[in-house]
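J.: could you look at this predicted model? Sequence included:
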Amino acid sequence: MIEITGLTKRYGDIEAVKGISFTVNDGEILGFLGPNGAGKSTTLNIMTGCLSATDGSVKIDGCDILEDPIEAKKKIGFLPEQPPLYGDMTVNEYLSFVYELKKCKLPKKQHIKEICDLVKLNDVFNRLIRNLSKGYRQRVGIAQALIGNPKAIVLDEPTVGLDPRQIIEIRNLIKMLGRDHTVIISTHILPEVQAVCDRVVVINKGVVVANEKTEDLTLAVSGARKLEAKIVGPQDEVLKELKSISGIRNVEVLGKLDTDSVTYVIESEGGVDIRKPLFFALSRKGWALIGLEGAELNLEDIFLRLVDMENERKVGKRTTGRTMK
Ligand code: ADP
């Protein structure tokens with residue numbers, strides 16, 4: 001559905017996007033992830049025809065956004081980070097205005113009504129936009145992206161600034177849109193990606209550093225699993241013992257949460273289940289394992305790992321094993 005090939009963007013001396021390539025399949029919800037300054041907005045703006053590229057191409061359903069922008073733009077709707085809303089218009093007036101701007105040919109009243117049904121705007125159809133909550137305004141932003149019924153929609157940071165209930169509502173809406181559209185969401189919130197995306201493309205400093213199915217991301221990035229173990233025993237000796245267990249790559253002390261026990265974060269090599277060896281090693285020593293649960297890598301961990309991996313790749317010495325701290 002969307003094909004990005006060798007996309008490069010230079011702002012003067014700054015190369016913000018450095019020849020990135022990836023595709024987004026029909027009906028897929030893709031998370032586009034990266035730290036601040038990674039090049040996400042630049043890529044999205046080029047993809048939606050709002051900015052020209054220095055080099056490379058973007059094809060939307062076979063149409064090149066630079067060579068055939070009018071046709072390509074009909075196939076893609078965009079919700080920018082700051083939605084272009086007019087507070088003095090009602091929802092109805094604003095959506096009619098966007099309909100005219102996009103020179104939409106679908107039956108007007110019916111089309112706008114269908115979109116309002118879909119994104120649940122009927123209750124506020126005749127209200128002024130400036131009087132709507134942030135959650136409803138975001139729905140209006142999504143509604144304008146859907147005018148013209150584009151096959152693909154791009155949402156830049158769609159849940160920023162919303163309260164937890166609004167976040168859940170917008171995420172559910174995005175999942176629903178994913179049934180009939182190809183959706184790209186730019187975000188820096190990992191749980192958002194985990195909640196709604198089928199696949200994730202991560203960029204850092206203008207290059208793609210990961211392109212994975214969401215469920216494979218943490219494993220692919222770290223090659224490891226993390227566990228939090230609550231253990232009663234002398235901290236220094238426990239730490240030494242844990243580090244000696246084969247299959248454990250790294251151990252860190254998370255903290256002493258009560259008088260007896262210490263919680264450790266244990267990172268194992270990919271594919272190794274260390275729970276049994278851990279249990280037996282501790283029981284041999286007479287130390288009690290009183291809690292064990294999975295600890296997800298957070299976004300910060302993932303970015304740091306990806307940057308590490310990229311640096312190792314660049315110097316041509318990527319290793320499979322890591323030294324223990
Ligand atoms: P992100 O959306 O991931 O935060 P951006 O695409 O906004 O990243 O920016 C990527 C890089 O390009 C940053 O270093 C940013 O400072 C730079 N940049 C973005 N827009 C401009 C511009 N109009 N002029 C000069 N540099 C820019």
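T.: Cool, the structure landed.

J.: only alpha carbons, please: show stretch 251-265 as CSV.
T.: Coordinates of each C-alpha in stretch 251-265 appear next as CSV, following Å, rounded to 0.1, in the frame of the first residue of the first chain:
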residue,chain,number,x,y,z
VAL,A,251,21.7,-8.8,36.7
GLU,A,252,20.9,-5.5,38.3
VAL,A,253,19.6,-4.8,41.8
LEU,A,254,16.3,-3.0,41.5
GLY,A,255,16.0,-2.3,45.2
LYS,A,256,15.2,-3.5,48.7
LEU,A,257,11.4,-3.2,49.0
ASP,A,258,11.1,-4.7,52.5
THR,A,259,13.5,-5.7,55.3
ASP,A,260,14.1,-9.2,54.1
SER,A,261,14.1,-9.4,50.4
VAL,A,262,15.9,-7.7,47.5
THR,A,263,14.4,-7.4,44.0
TYR,A,264,16.8,-8.2,41.1
VAL,A,265,16.2,-7.6,37.4
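
J.: ok, and what's touching it?
T.: Outside stretch 251-265, the residues that touch it by CB atoms under 8 Å, 6 or more residues apart in numbering are 226-233, 235, 238-239, 242-243, 266-267, 288, 290-291, 295, 324-325. Placement of C-beta: from N, CA and C, glycine included.

J.: from what I see, Y136 and F125 are in contact.
T.: No - counting by CB atoms under 8 Å, Y136 does not reach F125; the two are 10.9 Å apart.

J.: higher neighbour count, the two?
T.: When neighbours are counted by other CB atoms under 10 Å, Y136 comes out ahead of the other of Y136 and F125, with 20 against 13.

J.: what strand or helix carries that one?
T.: Using DSSP states H and E, Y136 sits in helix 134-146.

J.: gap between that helix and the chain center?
T.: 19 Å (CA atoms, centre = their mean, to the nearest Å).

J.: likewise for stretch 104-114?
T.: Per CA atoms, centre = their mean, the centroid offset for stretch 104-114 relative to its chain is 31 Å.

J.: tell me the buried residues in that stretch?
T.: Across stretch 104-114, burial judged by 16 or more other CB atoms under 10 Å covers C104, H111, I112, K113.

J.: before we move on, back to that, now a PyMOL select for only the buried ones of the contacts of stretch 251-265.
T.: Burial among the contacts of stretch 251-265 is assessed by 16+ other CB under 10 Å; the matching PyMOL selection reads:
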select buried, resi 226+227+229+230+231+232+233+238+239+242+266+267+295
